[in-house]
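Visitor: I'd like to go over a predicted model; first the sequence, then the structure.
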Amino acid sequence: FHNIKGFDIHIARYLGVCGKLPTASLHTLGCRLNQAETAIIAKSLTEHGYEIVKSNHPADLTIVNTCTVTEQADAKCRQAIRKALRGNPGAFVAVVGCYSQMAVNVIKAIEGVDLIMGNEHKLNVVDYLGDLQKKESPLVIHSRRLPREEFVIDSVGLYEHTTRANLKLQDGCDDYCSFCIIPQARGRARSRRFADVLNEAEKLVAAGHKEIVLTGVNIGTYSSNGQTLLDIVKALEQISGLARIRVSSIEPTSVGSDLVRHLAGSDKLCRHLHIPLQSGDETILKKMRRRHTVGEYIKFIEWAAELVPDIGLGTDLLVGFPGEGDTEFKSGKKVVADLPISYFHVFTYSDRPGTLAAKMPDKIDPQTKKARTRIMIELGQRQQYTFYERHLGRTINVLFENEEKGYWVGFADNYMRVQAKSKESLHNQIRPVRLLRIDGDRITGVLCQ
């Protein structure tokens, strides 16, 4: 077995005892970056002789890739770990990622966890699995000081069941917003080597993916030997077979007007930007230690919407920040209601120990936060409906992903979710669709022959 490519000694031992390949299930919580990293872990596992099964199936190994962006995210991580232990009581359970970076002792207290791994080494989790034997106490692989150097990734993401592939090009953040724990969980901003990004992109396209989503913690800060995010986009546009390039969440201070101008004339860069605002009230925004003003944000969004017709613009909103009284909430609500934003991701503020906001006075009571969160979610739904309504009767191209209840579902380049009926498989096909009606969070249309 030493001479068989992709098989470690512990896999050879496992095969000798069981006569089969070990199985692995992976569960991802949180952001698109986590999804990209889980896909890289999955590919690494297959290269070492594992068979990947669905997350709800019995498996010899379960890996939970965690998130710690909010208190609710922490709770979901603990629930996911316990669910994995109940569903696969004999499985080797590894907990990796952001929550593992910040809450080692809490995870150690959950009986049955075998490996706890922070962010620095999690992409190499396969090197720490041993013979998959359960442990009396978990092995902890954890570094308090995360690296700042430019990095490479030895593997490529595995996306067997999705058409769009996430491509990690950056990690960490230097902004230190007063509410955010991510700089502590993921470290300072650092970029992936330019050639390494392109290498994975070419392999993803060769595997059949027609859309690549660029992801990271703060991707607008990407810098590798003087090359920027826009340089990556331009290089990706030269890859034959790649139909779409999508920029995931990007900060208003780093998105840059050059990127939007390029988007306006590009055949491949999607007409979609997700630009977090967090609060539309100037006072709260300053307390959040955001690096932009409300006025700057308004000016940029209105300019982008005018320059790129029908662009899909999304944002993040944080509700219930300390000191957010009725006046501040209403002020912030009016700002986003007046902007050409097509959807919101709404988060409810929760204290994150170790952040400046956790020490701030004038905390908002839970019921008020819950009510305001609901108000903002409903506002976002209305704005999405208005955005969709403008497109009814038009024909747009849709990259279809999967079938749901008799409809094939996919996305337009401006991130409208579209469904259409077809007797043939539309998986990973880009097809023109005439848009007929709005059904909840999607538009129903008919394929154009």
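Guide: Looks like it came in fine. Numbers count the residues shown, from 1 in each chain.
Visitor: what's the weakest-modelled helix or strand in the chain?
Guide: Scoring the helices and strands of the chain by mean pLDDT, DSSP states H and E places helix 9-18 at the bottom, with a mean of 48.
Visitor: could you point out which element follows that helix?
Guide: Where DSSP states H and E defines the elements, the next helix or strand beyond helix 9-18 is strand 23-28.
Visitor: can you pull out the helices in this structure?
Guide: In the chain, the helices defined using DSSP state H lie at 9-18, 32-47, 71-87, 98-102, 104-108, 182-186, 194-206, 229-236, 257-265, 282-287, 294-307, 326-338, 366-389.
Visitor: ok, now which ones touch the nearest residue to Lys134 once chain neighbours are set aside?
Guide: Excluding the flanking residues, the one nearest Lys134 by Cβ to Cβ, 6 or more residues apart in numbering is Asp114, at 6.0 Å. Heads up, the C-betas are built off the backbone N, CA and C, glycines and all. Taking Cβ atoms under 8 Å, 6 or more residues apart in numbering, we find Asp114 in contact with Phe92, Val93, Ala94, Lys134, Lys135, Pro138, Leu139.
Visitor: quick check: the closest residue to Gly87 other than its chain neighbours vs Arg86, distance?
Guide: Leaving aside its chain neighbours, Gly87 sits nearest to Asn56 (6.9 Å; criterion: Cβ to Cβ, 6+ apart). To Arg86, Asn56 is 12 Å away according to Cβ to Cβ, to the nearest Å.
Visitor: who has more neighbours out of these two?
Guide: Asn56 (12 against 9; other Cβ atoms under 10 Å).
Visitor: how many residues are close by Lys327?
Guide: Check again: residue 327 is Thr, not Lys. Residues lying near Thr327 (other Cβ under 10 Å) number 10.
Visitor: hang on, I meant Leu29
Guide: The number of residues near Leu29, taken as other Cβ under 10 Å, comes to 23.
Visitor: next: Ile239.
Guide: Neighbour count for Ile239, taken as other Cβ under 10 Å: 16.
Visitor: ok, His161 - how many residues close by?
Guide: 9.
Visitor: for the closest residue in space to Glu296 that isn't next to it in sequence, give me its contacts.
Guide: Closest residue to Glu296 apart from its sequence neighbours, by Cβ to Cβ, 6+ apart: Pro252 at 7.1 Å. By Cβ under 8 Å, 6+ apart, Pro252 lies in contact with Ile275, Pro276, Leu277, His292, Glu296, Tyr297, Phe300.
Visitor: test my guess that the third one contacts Tyr297.
Guide: Think Leu277. Yes. Leu277 is within contact range of Tyr297, at 5.6 Å (criterion: Cβ atoms under 8 Å).
Visitor: pLDDT weak spots in the protein?
Guide: 1-19 (pLDDT under 70).
Visitor: so how far is stretch 125-141 from its chain's centroid?
Guide: Here the centre of stretch 125-141 is set off from its chain's centre by 27 Å, with Cα atoms, centre = their mean, to the nearest Å.
Visitor: next, the buried residues of that stretch.
Guide: Across stretch 125-141, burial judged by 16 or more other Cβ atoms under 10 Å covers Val125, Val126, Leu129, Leu132, Pro138, Ile141.
Visitor: now these as a markdown table including distance to Glu378?
Guide: What follows is the buried residues of stretch 125-141, written out as a markdown table (distance: Cβ to Cβ, whole Å):
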| residue | distance to Glu378 |
| --- | --- |
| Val125 | 41 |
| Val126 | 45 |
| Leu129 | 46 |
| Leu132 | 47 |
| Pro138 | 43 |
| Ile141 | 44 |
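Visitor: of those, which belong to strands?
Guide: Among the buried residues of stretch 125-141, the members falling in strands (DSSP state E) are Ile141.
Visitor: quick one, what contacts Asn119?
Guide: Residues near Asn119 by Cβ under 8 Å, 6+ apart: Val96, Gly97, Cys98, Ser100, Gln101, Leu146, Asp171, Ala185, Arg186, Gly187.
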